[in-house]
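Undergrad: here is a sequence with its predicted model. Questions after.
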Amino acid sequence: MKNKYSIFSLIKNAFSYHENWQKAWKDPVIKKEYDAIIVGGGGHGLATAYYLAKKHNMKNIAVVEKGWIGGGNTGRNTTIIRSNYLWDASAGLYDHALKLWEGLSQEINYNVMFSQRGVMNLAHNLQDIRDLKRRTHANRLNGIDAVYLSTEEVKKFCPIINTSPDIRYPVLGGTLQRRAGTARHDAVAWGYARGADEMGVDIIQNCEVKGIKRNGDEVEGIETTRGFIKTKKIGVVAAGHSSVLANMAGLRLPLESKPLQALVSEPVKPIIDTVVMSNAVHAYVSQSDKGELVIGAGTDDYISYSQKGSHDIVEGTLNAILELYPIFSRMRMLRQWGGIVDICPDASPIISKTTIKGLYFNCGWGTGGFKATPGSGDLFAHTIANDEPHKLNAAFNLNRFVSGDLVDEHGAAAVAH
Amino acid sequence: MFLITCPYCGEREQSEFKAGGEAHIERPKQPTELSDGEWAEYLFMRKNIKGIQLERWNHAHGCRKWFNVVRDTNNDKIKKIYKMGEKPPTI
């Protein structure tokens, strides 16, 4: 039984210089066989394992991770959480996640620093205004909070934005989702890992999957760098490397893996207390609790697994940031990095069974998977445990690329690509 | 960021080019005969290779011509460049 984190445990451990904290998860001996194996120890994978154990009573399961948990896109994103998507299916999926975020710190007894500071999306031209108004109406019909703001209201909500009509892409309006916000990305992985570990889930790090063993149309287990592990159910949550895993099982996916970059500035005093995104000029910015500006750039248009992006992408983003926030002109950037995102043709995820029995894929989150972490894990766990999708992820099946029933969120949903 | 040698203009920055994705995907000869599954294969399914990939690029801010590139997607190193219509080299 793990010690509960609280103000009292914090005080108690302060007396021993924080040297006696219990390990949050163990380094387990790998068993020969598990009831299910999750491939990928990021937020989504660990959340899947957590909900499999918690809600579906599957305790004999493992998460295998080629590096360290949360070291992939979970630790590389810009931590934005929102659910203001256009289509009904997406609204259901992302708002399910947002509702789980609202109680997550209590649920897993781990402070994920979820902060509902609001997310504002800016309009810079007539079509932006039409699209954002349409999305606001669609959101409200789906019970998702959304308001449309005039230029003056944008300025009032975030005073440092340059709303002068003389700039190249003037701010003509915007939308605001007040329930949206940010969370501490690492804490999400660690919190789910701790919670899953407590229920008996084996979290196996430094264990890369090298092959998926099949017996006809069923899975038998995985070949890893630490030996063969037998299982009847494999849930792959490998983000940018999903196609590599699919290839091992002889499957093809509609994904392209591309570098997505982000950067943070030197820390400064609180200056921006919300998240502002702009699709048209591709700039989004928020401020971390440490005081760094967190800036998301765009994807490169070529396939790459190098975790490095092009400088011109960063330059374009910073040009836009400087025009919208002249106050940042002398800020220095501290760090810049890239992650590999798996993009679907319709910019919606895949949480689905496959043609191979016992093989499930949760992928295609592209540039915006972090916000869905709890919901994705919950629904993927349901899909694996029952061998049937939950009604909230039924539309996100792999077969939609055959049936043509796409959930086309490209551009429509304030998705910044 | 890397440099690409356009077969028509020479070495230029990658930002001058537009990536065109996987090369050698042939348009079906009899589109009316295809099943939904075959359409999905043609339209959406991609190899998305980690390693040596054959891909198309367009010199969008230059001569605007298309050509093929053999590139290692692990490190973005270009192995070979060949023109449209030419057979892919063996690497």
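TA: Right, received. Where do you want to start? Numbering: from 1, shown residues only, chains lettered A, B, ... in the order given.
Undergrad: which residues are in contact with residue 43?
TA: Picked chain A for this. Residues in contact with A:Gly43 (Cβ atoms under 8 Å, 6 or more residues apart in numbering or on different chains) are A:70, A:74, A:185, A:188-189, A:192, A:370, A:373, A:377. Placement of C-beta: from N, CA and C, glycine included.
Undergrad: actually it's chain B I care about, not the one you picked
TA: Counting by Cβ under 8 Å, 6+ apart, B:Leu43 makes contact with A:345, A:401.
Undergrad: now do residue 66, the pLDDT please.
TA: Here I'm looking at chain A. We have a pLDDT of 97 for A:Lys66.
Undergrad: oops, I was thinking of chain B
TA: Note on B:Trp66: pLDDT of 98.
Undergrad: number of nearby residues for it?
TA: Neighbours of B:Trp66 under the rule other Cβ atoms under 10 Å in any protein chain shown: 16.
Undergrad: what does A:Lys357 give?
TA: Applying other Cβ under 10 Å, we find 15 residues neighbouring A:Lys357.
Undergrad: surely it is in contact with A:Glu220?
TA: No. Counting by Cβ atoms under 8 Å, A:Lys357 sits too far from A:Glu220 to count as a contact (10.6 Å).
Undergrad: follow-up on the earlier one: farthest-apart pair in the contacts of A:Gly43, please.
TA: A:His185 and A:Gly377 (14.4 Å; Cβ to Cβ).
Undergrad: hang on, the earlier thing: looking at the contacts of A:Gly43, spot the one nearest chain B.
TA: A:Thr74 (19.7 Å; Cβ to the nearest Cβ).
Undergrad: that closest one in helix, strand or coil?
TA: Look at A:Thr74: counting by DSSP: H, G, I helix; E, B strand; the rest coil, its state is helix.
Undergrad: please look at it and A:His185 and confirm they touch.
TA: Yes. Contact criterion Cβ under 8 Å: A:Thr74 and A:His185 qualify, at 5.7 Å.
Undergrad: okay, strands next: where are they in the stretch 201-350 of chain A?
TA: A:202-204, A:209-215, A:218-224, A:227-231, A:234-236, A:256-265, A:275-278, A:283-287, A:293-299, A:333-343, A:350-353 (DSSP state E, counting those that start in this stretch).
Undergrad: what's the closest non-adjacent residue to whichever residue of the stretch 301-417 of chain A sits closest to chain B?
TA: Going by Cβ to the nearest Cβ, chain B is nearest to A:Tyr302 of the stretch 301-417 of chain A, at 3.6 Å. Nearest in space to A:Tyr302, with sequence neighbours left out and distances taken as Cβ to Cβ, 6 or more residues apart in numbering or on different chains, is B:Ala19 at 3.6 Å.
Undergrad: isn't there a strand covering the one you found?
TA: Yes. Counting by three-state DSSP, B:Ala19 is located in a strand.
Undergrad: give me the number of residues near residue 22?
TA: This is for chain A. 11.
Undergrad: my bad, chain B
TA: 16.
Undergrad: which bits of chain B sit near chain A?
TA: Counting by Cβ under 8 Å from any Cβ of the partner chain, chain B comes close to chain A at B:1, B:13-15, B:18-19, B:21-22, B:36-37, B:39-41, B:43-50, B:53, B:55, B:71, B:73-76.
Undergrad: low pLDDT regions in the chain?
TA: Reading this off chain A. Filtered on pLDDT under 70, chain A yields the residue ranges A:1, A:411-417.
Undergrad: grab the nearest non-local neighbour of the spatially most central residue of it.
TA: Centroid-nearest residue in chain A, with Cα atoms, centre = their mean: A:Phe370, separated by 1.4 Å. Sequence neighbours aside, A:Asn77 is the residue nearest to A:Phe370 in space, at 4.3 Å (criterion: Cβ to Cβ, 6+ apart).
Undergrad: likewise A:Asn60?
TA: Once flanking residues are discounted, A:Asn60 sits nearest to A:Asp35: 4.6 Å by Cβ to Cβ, 6+ apart.
Undergrad: the residue nearest to the centre of chain A and A:Arg76 touch, don't they?
TA: No. Applying Cβ under 8 Å as the test, A:Phe370 and A:Arg76 come out as separate, 9.2 Å apart.
Undergrad: need the residues touching each of those two.
TA: With Cβ under 8 Å, 6+ apart, A:Phe370 and A:Arg76 have no common neighbours.
Undergrad: C-alpha coordinates for stretch A:33-50, CSV please?
TA: The C-alpha trace of stretch A:33-50 is given here as CSV (Å, rounded to 0.1, in the frame of the first residue of the first chain):
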residue,chain,number,x,y,z
GLU,A,33,2.7,-13.9,-19.5
TYR,A,34,0.3,-11.0,-19.0
ASP,A,35,-3.5,-10.7,-19.6
ALA,A,36,-2.7,-7.6,-21.6
ILE,A,37,0.3,-5.6,-22.5
ILE,A,38,0.3,-1.8,-23.3
VAL,A,39,3.1,-0.8,-25.7
GLY,A,40,4.2,2.7,-24.9
GLY,A,41,4.6,4.3,-21.5
GLY,A,42,3.5,7.8,-22.2
GLY,A,43,0.5,9.5,-20.7
HIS,A,44,-2.0,7.7,-22.9
GLY,A,45,-0.5,4.3,-22.3
LEU,A,46,-0.2,4.7,-18.5
ALA,A,47,-3.7,6.0,-18.3
THR,A,48,-4.9,3.0,-20.3
ALA,A,49,-3.2,0.6,-17.8
TYR,A,50,-4.6,2.6,-14.9
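Undergrad: dump the residue contacts of A:Thr354.
TA: Taking Cβ under 8 Å, 6+ apart, one finds A:249, A:251, A:360-361, A:398 in contact with A:Thr354.
Undergrad: just flag the most distant two among those residues.
TA: A:Ala249 and A:Leu398 (12.6 Å).
Undergrad: who has more neighbours, those two?
TA: A:Leu398 (22 against 19).
Undergrad: you'd agree the more buried one is up against A:Ile350?
TA: Yes. If you go by Cβ under 8 Å, A:Leu398 and A:Ile350 touch, sitting 5.5 Å apart.
Undergrad: which residues are in contact with both of these two?
TA: Common neighbours of A:Leu398 and A:Ile350, using Cβ under 8 Å, 6+ apart, are A:253, A:361.
Undergrad: which stretches in chain B count as strands?
TA: Residue ranges of the strands in chain B, as given by DSSP state E, are B:3-6, B:10-13, B:18-22, B:52-58, B:66-72, B:77-83.
Undergrad: each with direction, which strands does the first one pair with?
TA: If I follow you right, that is strand B:3-6. Partners of strand B:3-6 in the sheet, by DSSP bridges, are strand B:10-13 (antiparallel).
Undergrad: which one is A:Asn247 nearest to, not counting chain neighbours?
TA: Here the nearest residue to A:Asn247 in space, its sequence neighbours aside, is B:Lys47; by Cβ to Cβ, 6+ apart that works out to 7.9 Å.
Undergrad: for the one you found, give me its contacts.
TA: A:243, A:247, A:252, B:22, B:53.
Undergrad: hmm, the first one is touching A:Pro254, no?
TA: In other words, A:Ser243. No. Assessed by Cβ under 8 Å, A:Ser243 is found out of contact with A:Pro254, at 9.4 Å.
Undergrad: what residues do the two have in common as contacts?
TA: B:Arg46.
Undergrad: helices of the stretch 301-417 of chain A, start to end?
TA: Here the stretch 301-417 of chain A has its helices, by DSSP state H, counting those that start in this stretch, at A:311-324, A:373-386, A:400-403.
Undergrad: tell me the gap between stretch A:332-347 and the middle of its chain.
TA: 11 Å (Cα atoms, centre = their mean, to the nearest Å).
Undergrad: A:Lys232 and A:Ala62: what is the separation?
TA: 13 Å (Cβ to Cβ, to the nearest Å).
Undergrad: these two - which one has more neighbours?
TA: The residue with more neighbours, out of A:Lys232 and A:Ala62, is A:Ala62; 26 against 15, by other Cβ under 10 Å.
Undergrad: cool, thanks, talk later.
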